[in-house]
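Q: below are the sequence and a predicted model for it; my questions follow.
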Protein chains: 2
Amino acid sequence: MGINERKEREKEQRREEIISAAEKIFFDKGLQAATMDEIAEAAELGKSTLYLYYRSKEDLYLAVLIRGSQIMYKMFSKALSTGEPTLKLIANLGEAYYDYFKEYRNYFRMFYFFENPQLHTQVSEEMQANCAEQNGRIWQLIINLIQRGIDEGVIQKNLNPKQVAIMLWSNSNGLMRQIDRKDDYWKERMGVDLEAVLRQSNALLVEGMMTEKAKEEYPSMVV
Amino acid sequence: MGINERKEREKEQRREEIISAAEKIFFDKGLQAATMDEIAEAAELGKSTLYLYYRSKEDLYLAVLIRGSQIMYKMFSKALSTGEPTLKLIANLGEAYYDYFKEYRNYFRMFYFFENPQLHTQVSEEMQANCAEQNGRIWQLIINLIQRGIDEGVIQKNLNPKQVAIMLWSNSNGLMRQIDRKDDYWKERMGVDLEAVLRQSNALLVEGMMTEKAKEEYPSMVV
DNA sequence: TTTAGTAAATGACTATAAGTCATAAAAAGA
DNA sequence: TCTTTTTATGACTTATAGTCATTTACTAAA
């Protein structure tokens, strides 16, 4: 019978509405300063109702984060589907991450939460598993790409694709953090353009991992 | 008269005692979960007394952090005073940061706080200024070192020393974060040794910034 | 249409913890 | 010893996450 299905749909919709309301508040105030009362008001629901859908404020925060991850996954998938050579795709993926940062900076900031386990005091097992799965999908995209580069002989084959992935990711992420928090400081007080630093350090890393053959074939990738 | 000086000394000592007590609790529980009541008990003082010395829990947290920064500064200074060639010192500084991470991981973790401005809701102007100053001293050490490398002709002179500093720092920091939180995951599930990744990516970046002359002179720095 | 049963929603409540303040204790000075 | 200043505190206020008994809305059978 269709009633249960309709109810299921409505429940899912309500979950999404709650996420949308929570998003506004979290984007504006961050995890700590946002209150469940505010979110409830934004969602036009009683606070207790929120707890029927999410077990804790942190779980709700992560539900928003997962929405942000899904967007990232889509952007990355799209960047990888242009049919360009693998090395170009690696560069494109770096750009896609930077595009994500610029376009969805609110989500990007929420990812800080992942990195500080001391903030995780009320995360449910389920939600943690959801996040891990979503996260894993994105890593897989990157790792597969690097593996392809190795198989094609454009990335040195003594490198571990996971190792390369984490190296590139970690570097980009660290710099985008700086851009997020201190771009003006670096630009005005130090005369440093962090966007250029980001591109340059990524390029240096990629170049260091390319095979000699690839350097000849794609001289434009060499700094 | 000496009474005021003695009092000043005692007050300073009390501040340090409070920091030591706070440190234990913060190391154990993190900023959010630690309570001022616990800290007061550890310090054998009433909670209200803490507020005579520090304006907020966050300020107290930062006071602990500054102690951690001072240790870092000392370690870095020591690493730079061996009289070795500049390129070697750059590598040593990377190692010194990793040593700090291993030996003072509790402080290292506290630095997460800096990176998430959304957590800063009660930081006083003074404390912020103290942190900025302490922070600036450390950056200056690094930047001066890179500048020396440029002056000596071992680092490419088209590079901005601040740019180089942030590139190296950001990369190391990002990877040490991963090591802190997910070393086992990467090792056991992915077969990746993050410590090796850290060294390798630093080496790649340094190599990419060296002059040709330096590469000839210090072939051991080339991967 | 009524009624019984189920699912969804809520307002009032509890517990916890940061931060305040009037008052007390201790120290210094006269 | 008495007064003033400094240091310390316990009781209080406020804010907010999370709970729970109760209500409201919806569904289905009589």
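A: Nice, I can see it. Note that the structure is predicted; figures quoted are calculated from it, not measured.
Q: wait, A:Tyr218 sits on A:Glu84?
A: No - counting by C-beta atoms under 8 Å, A:Glu84 is not a contact partner of A:Tyr218; they are 11.0 Å apart. Yep, even glycine has a C-beta here, placed from its N, CA and C like the rest.
Q: who's more crowded, those two?
A: Taking other C-beta atoms under 10 Å in any protein chain shown, A:Tyr218 and A:Glu84 do not tie; A:Tyr218 has more neighbours (16 against 13).
Q: could you pull up phi and psi at A:Cys82?
A: Actually, residue A:82 is Thr. It isn't Cys. phi -90, psi -10 (degrees, to the nearest 10).
Q: give the contact list for it.
A: A:Leu89, A:Asn92 (C-beta atoms under 8 Å, 6 or more residues apart in numbering or on different chains).
Q: can you tell me how far it is from B:Glu217?
A: 43 Å (C-beta to C-beta, to the nearest Å).
Q: and if you look at A:Lys182?
A: Distance from A:Lys182 to B:Glu217, by C-beta to C-beta: 35 Å.
Q: have a look at those two and say which one is more surrounded.
A: Counted by other C-beta under 10 Å, A:Lys182 and B:Glu217 do not tie: A:Lys182 has more neighbours, with 17 against 14.
Q: which helix or strand contains the more buried one?
A: helix A:161-184 (DSSP states H and E).
Q: that helix to helix B:161-184, inter-axis angle?
A: 130 degrees (axes from the mean of the first three to the mean of the last three C-alpha atoms, to 10 degrees).
Q: can you give me the mean pLDDT across the following helix or strand past helix A:161-184?
A: Sequence order places helix A:190 as the next helix or strand after helix A:161-184, per DSSP H and E. If you average the pLDDT over helix A:190, you get 90.
Q: downstream of helix A:190, the next helix or strand is which one?
A: helix A:194-209.
Q: which elements pack onto that next one?
A: helix A:86-103, helix A:161-184, helix B:161-184, helix B:194-209 (3 or more C-beta pairs under 8 Å, 6 or more residues apart in numbering or on different chains; DSSP states H and E).
Q: does the helix or strand of chain A with the lowest mean pLDDT come close to chain B?
A: Using mean pLDDT, DSSP states H and E, the weakest-scoring helix or strand in chain A turns out to be helix A:190, at a mean of 90. Yes - using C-beta under 8 Å from any C-beta of the partner chain, helix A:190 reaches chain B at A:Met190.
Q: starting at the chain centroid, how far to that helix?
A: 28 Å (C-alpha atoms, centre = their mean, to the nearest Å).
Q: what's the burial count for A:Tyr61?
A: Quick note: A:Tyr61 (other C-beta under 10 Å) scores 23 neighbours.
Q: got the buried residues for the helix holding A:Lys182?
A: Within helix A:161-184, the residues that count as buried by 16 or more other C-beta atoms under 10 Å in any protein chain shown are A:161-180, A:182.
Q: with stretch A:98-109 instead?
A: Neighbour count says stretch A:98-109 has A:Tyr98, A:Tyr100, A:Phe101, A:Tyr107, A:Phe108, A:Arg109 buried, by 16+ other C-beta under 10 Å.
Q: taking helix B:2-33 as reference, get the angle to the lengthiest helix in chain A.
A: With DSSP state H applied, the helix covering the greatest number of residues in chain A is identified as helix A:2-33. Calculated by the same axes, to 10 degrees, helix A:2-33 forms an angle of 170 degrees with helix B:2-33.
Q: which element is encountered next along the chain beyond helix A:2-33?
A: helix A:36-42.
Q: check whether that following helix comes near chain B.
A: No - for helix A:36-42, no contact with chain B is found by C-beta under 8 Å from any C-beta; the gap never falls below 15.0 Å.
Q: what's that helix in contact with?
A: Contacts for helix A:36-42 (C-beta under 8 Å, 6+ apart): A:Ile18, A:Ala21, A:Ala22, A:Lys24, A:Ile25, A:Lys29, A:Gly46, A:Lys47, A:Thr49, A:Leu50, A:Lys57, A:Leu60.
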